[in-house]
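Q: missing the sequence, but the structure's below:
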């Protein structure tokens with residue numbers, strides 16, 4: 001009975017409760033204007049005292065450079081890299097070699113700390129031109145300059161002349177070894193090698209390093225000096241790709257391994273002329289000579305027959321019967 005009565009009362013009170021709930025907007029937690037629990041008080045906040053006139057002025061921070069109105073969004077350019085120790089040592093008293101930007105090529109080609117070697121300056125201020133100018137790493141350019149100044153100039157002096165030019169056959173080139181497709185990257189692709197073909201003297205004469213007619217002593221002197229300074233020296237006899245020039249580089253290998261392959265060949269022997277010698281003036285005409293040859297043929301045949309008979313062995317003589325001893 002109690003449960004039934006409670007159910008009837010809840011049903012009857014349902015509409016009234018719903019009406020009371022609709023009197024306020026949804027989600028209104030305060031059900032009207034909120035009431036303050038206390039009174040508001042205005043408090044004065046004390047301000048800092050003024051700076052004394054005798055106080056030193058504060059240093060203002062340097063204002064950052066702002067982009068101009070005509071160039072919005074422009075960023076400051078990065079500072080250029082500091083020159084390397086090699087670049088500082090390779091002065092104009094040693095070589096004319098201006099610095100050039102780094103090269104970033106495909107497949108690992110290129111390099112850093114690059115120079116364009118235009119000439120080598122000798123101690124007496126004369127210049128040995130590099131033709132054409134070579135693009136090299138600073139380390140390789142320094143090695144070439146020291147080699148010319150210390151070794152090649154004295155060799156030219158022994159010949160009674162002075163050095164004028166260096167014939168640059170190849171320097172930087174993004175390629176594989178010996179220009180073979182798919183081969184390992186050459187030191188030329190790293191700007192770390194130079195191919196030399198000849199040296200030119202002041203009088204105009206050129207000394208080709210692979211020419212067999214050049215004195216063997218001169219070529220051997222260049223060979224010994226190059227192998228003492230460079231980690232790789234390739235010339236005639238190393239392979240078929242270096243028969244007409246000398247390859248030099250300063251490649252770094254394990255345990256300071258060095259390669260020196262250059263055969264100083266002897267001059268080729270003089271070959272006899274292929275054409276026959278001229279007919280002497282006192283020789284008989286060709287027709288007379290032909291008839292005389294025909295007349296001599298029977299005699300030659302007879303003599304050959306006589307020689308053949310003489311060569312035959314003599315017939316064996318019959319042996320006499322011998323008596324038997326008793």
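A: Noted; the coordinates are in hand. Note that the coordinates shown come from a computational prediction; the quantities given were computed from them, not determined experimentally. Numbers count the residues shown, from 1 in each chain.

Q: run through the bridge partners of residue 193.
A: In this entry, residue 193 is beta-bridged to residue 249, by DSSP bridges.

Q: ok, now which ones touch it?
A: Neighbour list for residue 193: 140, 170-171, 186-187, 232, 247-249, 251 [criterion: Cβ atoms under 8 Å, 6 or more residues apart in numbering]. Glycine gets a C-beta too; all of them are placed from N, C-alpha and C.

Q: neighbour-wise, give me the winner out of those residues.
A: residue 140 (29 neighbours; other Cβ atoms under 10 Å).

Q: wait, that residue touches residue 190, no?
A: No - assessed by Cβ atoms under 8 Å, residue 140 is found out of contact with residue 190, at 9.3 Å.

Q: looking at the contacts of residue 193, which is nearest residue 87?
A: Checking the contacts of residue 193 against residue 87 by Cβ to Cβ gives residue 140 as the nearest, at 12.9 Å.

Q: just the element for that closest one, please.
A: helix 138-147 (DSSP states H and E).

Q: please apply the same query to residue 120.
A: Assigned by DSSP H and E, residue 120 belongs to strand 114-121.

Q: how much does that strand deviate in direction from helix 138-147?
A: Interaxial angle, strand 114-121 versus helix 138-147 (axes from the mean of the first three to the mean of the last three Cα atoms, to 10 degrees): 10 degrees.

Q: mind giving me the packing neighbours of strand 114-121?
A: Counting contacts by 3 or more Cβ pairs under 8 Å, 6 or more residues apart in numbering; DSSP states H and E, strand 114-121 is packed against strand 95-96, strand 99-100, strand 127-137, helix 138-147.

Q: in the last one, which residues are buried?
A: Pointing back at helix 138-147 there. The neighbour-count check on helix 138-147 (16 or more other Cβ atoms under 10 Å) flags 138-145, 147 as buried.

Q: got a list of contacts for that helix?
A: 84, 86-87, 89-90, 94-95, 97, 113-115, 117, 120, 130, 134, 136, 191-194, 225-226, 229-230, 248-250.

Q: 6 Å instead, please
A: 86-87, 90, 94-95, 97, 113, 115, 117, 120, 192, 229, 250 (Cβ atoms under 6 Å, 6 or more residues apart in numbering).

Q: low-confidence regions, the stretch 201-326 of the chain specifically.
A: Across the stretch 201-326 of the chain, the ranges flagged by pLDDT under 70 are 272-273, 288-326.

Q: did I read that right, residue 196 in a strand?
A: Yes - Residue 196 sits within a strand when classified using DSSP: H, G, I helix; E, B strand; the rest coil.

Q: burial check on the residue nearest to it when sequence neighbours are not counted, number of neighbours?
A: Leaving aside its chain neighbours, residue 196 sits nearest to residue 246 (5.0 Å; criterion: Cβ to Cβ, 6 or more residues apart in numbering). Each residue near residue 246 was counted by other Cβ under 10 Å, and the total is 24.

Q: separation between residue 246 and residue 121?
A: Here residue 246 is placed at a distance of 23 Å from residue 121 (Cβ to Cβ, to the nearest Å).

Q: and the buried residues of helix 138-147, which is closest to residue 271?
A: Comparing the buried residues of helix 138-147 against residue 271 with Cβ to Cβ places residue 147 closest, at 37.1 Å.

Q: distance check, the closest one against residue 279.
A: Noted for residue 147: a distance of 58 Å to residue 279, by Cβ to Cβ.

Q: check residue 118 too.
A: According to Cβ to Cβ, residue 118 stands 61 Å off from residue 279.

Q: these two - which one has more neighbours?
A: Neighbour count, other Cβ under 10 Å: between residue 118 and residue 279, residue 118 has more, with 16 against 8.

Q: surely that one meets residue 96?
A: Yes - between residue 118 and residue 96 there is a contact at 4.5 Å, judged by Cβ atoms under 6 Å.

Q: what touches both of these two?
A: Counting by Cβ under 6 Å, 6+ apart, residue 118 and residue 96 have no contacts in common.

Q: what are the contacting residues of stretch 104-124?
A: Residues outside stretch 104-124 that contact it (Cβ under 6 Å, 6+ apart): 84, 93-100, 102-103, 127-130, 133-138, 141, 145, 148, 174, 185, 189-191.

Q: so which pair among the contacts of residue 193 is furthest apart in space?
A: Taking every pair in the contacts of residue 193 and measuring Cβ to Cβ, the maximum separation is 15.6 Å, between 170 and 251.

Q: can you tell me the SS state at the residue nearest to residue 135 when sequence neighbours are not counted?
A: Counting by Cβ to Cβ, 6+ apart, residue 135 lies nearest to residue 172, which is 4.0 Å off, once chain neighbours are set aside. Here residue 172 is recorded as coil under three-state DSSP.

Q: where do the helices of the protein begin and end?
A: 2-22, 85-89, 138-147, 153-158, 216-229, 286-311 (DSSP state H).

Q: average pLDDT across the third one?
A: Predicted confidence along helix 138-147 averages 97 (mean pLDDT).

Q: what do you get for the fourth one?
A: Throughout helix 153-158, pLDDT has a mean value of 95.
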